[in-house]
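[1] next input, structure requested:
(2 chains)
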Amino acid sequence: MIAPYTWMCDYVDMDIAPEQLMQRLIMTGSEVDGYEELGLHLKKVVVGKILTIEKHPDADKLSLCSVDIGSEVLQIVCGASNIFEGALVPVALIGAKLPGDFNIKKGKIRGVNSFGMLCSGSELELTEEDYPGADVDGIMILDDTLELGTSLRDVLGLTDTVFEIEIGANRPDCLCVLGVARECAAALGKDVTPPTVSFIESGGNIADYVSVAVNDPVLCERYIARAVKNVKIGPSPKWLKERLISAGVRSINNVVDITNFVMLETGQPMHAFDHSNIRGNQIIVRRAQNGEVIKTLDDKDRKLTDDMLLICDGEGPIAIAGVMGAQNSEIKDDTTTIIFESAKFAQGNTRRTSRSLGLPTESAMRFSKGVDTAGCKTAIDRALHLIELLDAGQIVSGEIDVLSADISPRNVIADSDKINARLGTDLTAKKMAALLEKVYIKTKVDGNILTCDIPSFRGDITIGEDISEEVARMFGYDNIPTTKMTGEIIRGIVPTEERAIDRIKSVLVSLGCFECVTYSFAAKSELDKLNLNPDDNRRKMVKIINPLGDEQGYMRTSPVPDILKVVSNNLKQKVVDIALYESGRVYAPTSGDELPEENKYICIALCGKQDFFSLKGVVENLLESFGILDTKLTAGASVYYHPGRAASLHIDGEKVGELGEIHPDVTKSYEIDKRVYVAELSLHAIIKATDDVKRYETLPRFPAAERDLALTLDESVPAGDVLDCIKSSAGEFFESAKLFDVYTGDQLGAGKKSLAFSIVFRAKERTLLDEEANAARDAVVAAAGAAFGAKIRD
Amino acid sequence: MDNAPKLEKLLEDALVSISSTTGLERLDKIRIGVLGKKGSLTAALRGMKDIAPKERPLFGKRVNEIRDAVTKAMDEKISALEEVAKKERLKQEHIDVTLPGTKHSIGGLHPLTQIYYETRDIFVSMGFEIMDGPEVEYDKYNFEMLNIPKDHPARDMQDTFYVTPDIVLRTHTSPVQIRTMLRKEPPIRVIAPGRVYRSDDVDSTHSPIFNQIEGLVVGKDISFANLKDTLNRFLKEFYGKDTKTKFRPGHFPFTEPSAEVDATCAKCGGSGCGVCKGTGMIEILGCGMVHPSVLAGCGIDPEVYTGFAFGMGLDRLATIKYGITDIRLLFENDIRFLSQFK
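    Numbering: from 1, shown residues only, chains lettered A, B, ... in the order given. Model prediction:
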């Protein structure tokens, strides 16, 4: 919302610096973004008359002009070709600051002194809309009736300081200059002088001009129509044009300007129809029929649906209610009789219509946020007052007012004790009433009961708590004390799941990984890059109806594409040795109206000096930190992994994740030319398997017997299986077994390998005998021989 | 008494050679030469049979004295030589301590996580419990039960991603308030961190995905003054004890009264800079007293209980605290960026 300062001064007698006013408004609840002195860059640009033009002695394309700026005649060098003697032009004087930080200084151009600059429209950032002729290629030629030396700010009406204010959804009453002025008055403790709405009717009868039927009173609770005859369409007076310009609205003609002015002033959108185009002298407010078409003022055919509200005449639509008028009934230069409309259209419905037609007009915006039903009358009276003031026509006697809403005065009862309890204040009921008066809420006090008479424009105030806010903002949030919460002491809690995530993050960081955070959107094409099978569950994605783009059309079902993108981007930045993880969510659709499943995962990626076993080590370290020691890896994982270098991870027989080297086809799709190792783990599974019970076991008192054992067997036998075999066959004295060497070589023969284990045996209550350790070792050898055909290596 | 002077000479020679020795090996040879089986003292002892029996005890005693003296001299010499050798070794073992250390590579937490930990620690210490909620959320929880019905203008400002007409990507963490109140009886004191979504195009200050922390307190006699106190404490903990705060009226459909809170600009400390646009203060969070119809909608009697709620952007806290000028950096995960926050 743009609120020009001088305009507001029409209603509030104030004299305050813009900065101070802004601060006062902010502290009483207006969200002021800032203020701007209009036409600041035109400050030292004035109207000048070119008296003579001579050739520049040293430059063919330059001219030497003598320019009269009223107070003196200046010599100015100019390069434009459209200038002529006698022309009035904008002259930027020395010291002027033109747009683009272009400062005008005294200077010599090709050896000749120049005391300013003649300006083009574009140099002043002006267009045809601001001033006719501004778009001309060359110097802007001004109206020759202007007084020499007049500032261009005055010429263009850019003299006010305007405030830019965000209006919250609860305060549609501030979507007008008068509304903001009311807030200024409240903030400064001043009174408001409402705009004059008086006028004299000139006879005739509105009924002879038009009739109004509202077929849908739910969508239109009020419709007021008034007629003006003997209309003289013409330009608006300077003051009116300036008001509109200061609010950023273009002047069109007196009648249209009046409707715009009243809307900007009171917040009530107005419409004016050319009476001669209202067929059958009838106005009918009804819903559109599906497929009905209307050509709007912007010269576009709009196809309508039956939830949209129309203003129609005897034959068809003449406006989309509250959104935009139709071309067929617009005000033209030869319009002689007009019908003013001031109405209240339903908020939600106008909002939907405006959105679905893509017509976010000023009018639609105001109806969508809610206008004051009682204010329709004030607004139309104000328009008629202005017709009279501008001598733009004669007001036909009588008014049609189709009103179905209750607009009788409304009270809200509040309790000063409750307000004090809510705010933590200690104000008397009387003091509260005085604060409420400032915001036009007349309040009767009876003990602690406040009976508040709510102004019609404050539809947002309906309950006692709303009253508490008005009291609070007028009392000043700064003045409300700060009080420590009392009551029982509550223990702060970080839930188990979050503590698990904390631990994961801290372990992975200590293992060298950086945490990354990526978007949870995904494109379907990412899954193609992973070469996922058509029936892979991860192809079932949660679709966003209105995404920002195809790339972000779905919620991700796999963390892998995002982490590969991060790896790829880092490689492009020449980062070597990449270790990353993300703790995030994937989203799986469910049937029907249920919310999708959000599954939390940990995804780790390594690239650089690392290999599969570095990754496996990280995963094992991570799981060990949760007391999860009993895991099983089986070869093979999703299709986007290397077929020979990937595994599935199982805990207690349940698959909880995958890890491995990414398939070269996939890394290529992500423009990665190095090997990348990725692990995906389910957070839920880690939490489920966590064994955090710490227990003490007696430290060994007797020595261990260690036996090294090198077994030769087929290369295809997984070492993990051999270890399992050792554990199960090593007998009661077995303590631990560790693989310490893998060897393949000619001596062993083709297809063979040797695995060297170090096995520790120990008896708890005595020193183990050599024979016992040897027997255990022999048992292992026998078992490995039976299971894998393993032989002891010589 | 032929043997006596010989004995004394032996002692004298032994002591001289011990004292003049500079190596442990040589010393060992001397020991063997004097005290060994074939050593001179042993030989002298063997010569006792040639001595008159009455002189033998005296002679024997002297031999023992000499053995003790030589042994003692020997031990002292060994200690002295070892000391020299140790000193020499320590001298030899000098290293350049300014050479780089052998490091294990350590990663780092994402700045958003670090900021979250900081805020979480403060609120947990104030007795808040952490709550979690889904990111894909019912429209009902994200909007309707927060006083934002279908046609409410506030929906325009929160451009929403829809999954179905009734399911959205949550536009704020506030639906966790609803979920909490539906599940828990007052007193309630929770914070809810999480990802939120708005259909904003990406630029240096906007991202369609960002992170918020929501706070909710419900109990008897909870007031706006409590809200001010709680948030003042948080902001002073988070930004430093000299931090000043400014509560100004604001509007949220689900709180009444509502406020926006500014805090002293962390960049310039209040003197005015580019980050705070010269004002010295930065908008940090939104808050207010929970609207009675929100409480009632969750089955909490607003005549008995009151509450306050607040919400803030973690990304914003992070960019301000670390002086990050472009929010996109938070999601690019350039390791050179991430390692600045180790």
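[2] partners of the helix or strand harbouring residue A:222 in the sheet?
    Following DSSP states H and E, the helix or strand that holds residue A:222 is strand A:220-229. The pairing partners recorded for strand A:220-229 under DSSP bridges are strand A:338-345 (antiparallel), strand A:394-395 (antiparallel), strand A:400-403 (antiparallel).
[3] can you tell me the element the residue nearest the centre of chain A falls in?
    Chain A has residue A:548 as the residue nearest its centroid, 12.0 Å off, counting by Cα atoms, centre = their mean. Counting by DSSP H and E, no helix or strand carries residue A:548.
[4] for the next helix or strand after the strand holding residue A:222, list the C-alpha coordinates in PDB.
    Downstream of strand A:220-229, the next assigned helix or strand under DSSP H and E is helix A:238-246. Taking C-alpha atoms only, helix A:238-246 is exported to PDB below (Å, rounded to 0.1, in the frame of the first residue of the first chain):
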ATOM      1  CA  LYS A 238      -4.000  19.300 -11.300                       C
ATOM      2  CA  TRP A 239      -4.600  18.500  -7.600                       C
ATOM      3  CA  LEU A 240      -6.500  15.300  -8.500                       C
ATOM      4  CA  LYS A 241      -3.900  14.200 -11.100                       C
ATOM      5  CA  GLU A 242      -1.100  14.800  -8.500                       C
ATOM      6  CA  ARG A 243      -2.900  12.800  -5.900                       C
ATOM      7  CA  LEU A 244      -3.200   9.900  -8.300                       C
ATOM      8  CA  ILE A 245       0.300  10.200  -9.600                       C
ATOM      9  CA  SER A 246       1.700  10.200  -6.000                       C
END
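[5] flag every buried residue along helix A:238-246.
    A:240, A:241, A:242, A:243, A:244, A:245, A:246 (16 or more other Cβ atoms under 10 Å in any protein chain shown). Bear in mind the C-beta positions are built from the backbone N, C-alpha and C, glycine included.
[6] need the contact list for the third one.
    Neighbouring residues of residue A:242 by Cβ atoms under 8 Å, 6 or more residues apart in numbering or on different chains: A:157, A:159, A:160.
[7] of these, which are in range of chain B?
    When Cβ under 8 Å from any Cβ of the partner chain is taken as the criterion, no member of the contacts of residue A:242 contacts chain B.
[8] where neighbours are concerned, which of these has the most?
    residue A:160 (24 neighbours; other Cβ atoms under 10 Å in any protein chain shown).
[9] who are the contact partners of it?
    Taking Cβ under 8 Å, 6+ apart as the test, what residue A:160 contacts is A:4, A:5, A:6, A:7, A:38, A:242, A:246.
[10] which of the three states applies to the residue of chain B most remote from its centre?
    The outermost residue of chain B relative to its centre, with distances by Cα atoms, centre = their mean, is residue B:52 at 85.4 Å. Secondary structure, DSSP: H, G, I helix; E, B strand; the rest coil: residue B:52 is coil.
[11] that one and residue B:79: what is the separation?
    Counting by Cβ to Cβ, to the nearest Å, the gap from residue B:52 to residue B:79 is 40 Å.
[12] dihedrals phi and psi, the nearest residue in space to residue B:224 that is not next to it in sequence?
    Among residues not flanking residue B:224 along the chain, residue A:423 sits closest, at 4.6 Å (Cβ to Cβ, 6 or more residues apart in numbering or on different chains). Dihedral pair for residue A:423: phi -90, psi -20, per degrees, to the nearest 10.
[13] pull out the buried members of the contacts of residue A:160.
    The neighbour-count test (16+ other Cβ under 10 Å) marks A:4, A:5, A:7, A:38, A:242, A:246 as buried among the contacts of residue A:160.
[14] show me which of the residues you listed has the smallest pLDDT value.
    Lowest pLDDT of these: residue A:38, 87.
[15] kindly confirm my reading that residue A:461 is in a helix.
    No - Residue A:461: not assigned to a helix; according to three-state DSSP it is coil.
[16] give me the number of residues near it?
    Neighbourhood size, residue A:461 [other Cβ under 10 Å]: 21.
[17] now do the contacts for it.
    Applying Cβ under 8 Å, 6+ apart, the residues near residue A:461 are A:412, A:441, A:452, A:454, A:467, A:470.
[18] residue B:270 too?
    Residue B:270 sits next to B:244, B:264, B:280, B:281 when contact means Cβ under 8 Å, 6+ apart.
[19] which residues does residue 236 contact?
    By default, I'm working from chain A. Shown in contact with residue A:236 (Cβ under 8 Å, 6+ apart): A:244, A:251, A:253, A:254, A:257, A:390.
[20] chain B, not that one
    Counted by Cβ under 8 Å, 6+ apart, residue B:236 has contacts residue B:243.
[21] what helix or strand is it located in?
    Taking DSSP H and E as the definition, residue B:236 sits inside helix B:224-239.
[22] give me the distance from that helix to the chain's centre.
    In this view, helix B:224-239 has its centroid 25 Å away from the chain centroid, taken as Cα atoms, centre = their mean, to the nearest Å.
[23] average pLDDT for that helix?
    Across helix B:224-239, the average pLDDT comes to 95.
[24] now do residue B:2, the pLDDT please.
    60.
[25] ditto for residue A:624
    So residue A:624 comes in at 93 (pLDDT).
[26] same deal with residue B:164?
    For residue B:164, the model assigns a pLDDT of 91.
[27] and it, how many neighbours does it have?
    The burial count for residue B:164: 14, using other Cβ under 10 Å.
[28] do the same with residue A:150
    Residue A:150: 16 surrounding residues under other Cβ under 10 Å.
[29] then residue A:338?
    Neighbours of residue A:338 (other Cβ under 10 Å): 30.
[30] can you pull the contacts of it?
    Residue A:338 neighbours (Cβ under 8 Å, 6+ apart): A:227, A:228, A:231, A:255, A:272, A:273, A:274, A:275, A:331, A:393.
[31] how about the residues you listed in CSV, adding neighbour count?
    Formatted as CSV, the contacts of residue A:338 follow (neighbours: other Cβ atoms under 10 Å in any protein chain shown):
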residue, neighbour count
A:227, 26
A:228, 26
A:231, 22
A:255, 26
A:272, 22
A:273, 27
A:274, 22
A:275, 20
A:331, 21
A:393, 23
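[32] on that earlier part again, just the strands paired with strand A:220-229: most buried one?
    Sort the strands paired with strand A:220-229 by mean neighbour count, taking mean count of other Cβ atoms under 10 Å in any protein chain shown, and strand A:338-345 sits at the top with a mean of 27.
[33] centre of the chain to that strand, how far?
    34 Å.
[34] and what of stretch B:50-59?
    Per Cα atoms, centre = their mean, the centroid offset for stretch B:50-59 relative to its chain is 81 Å.
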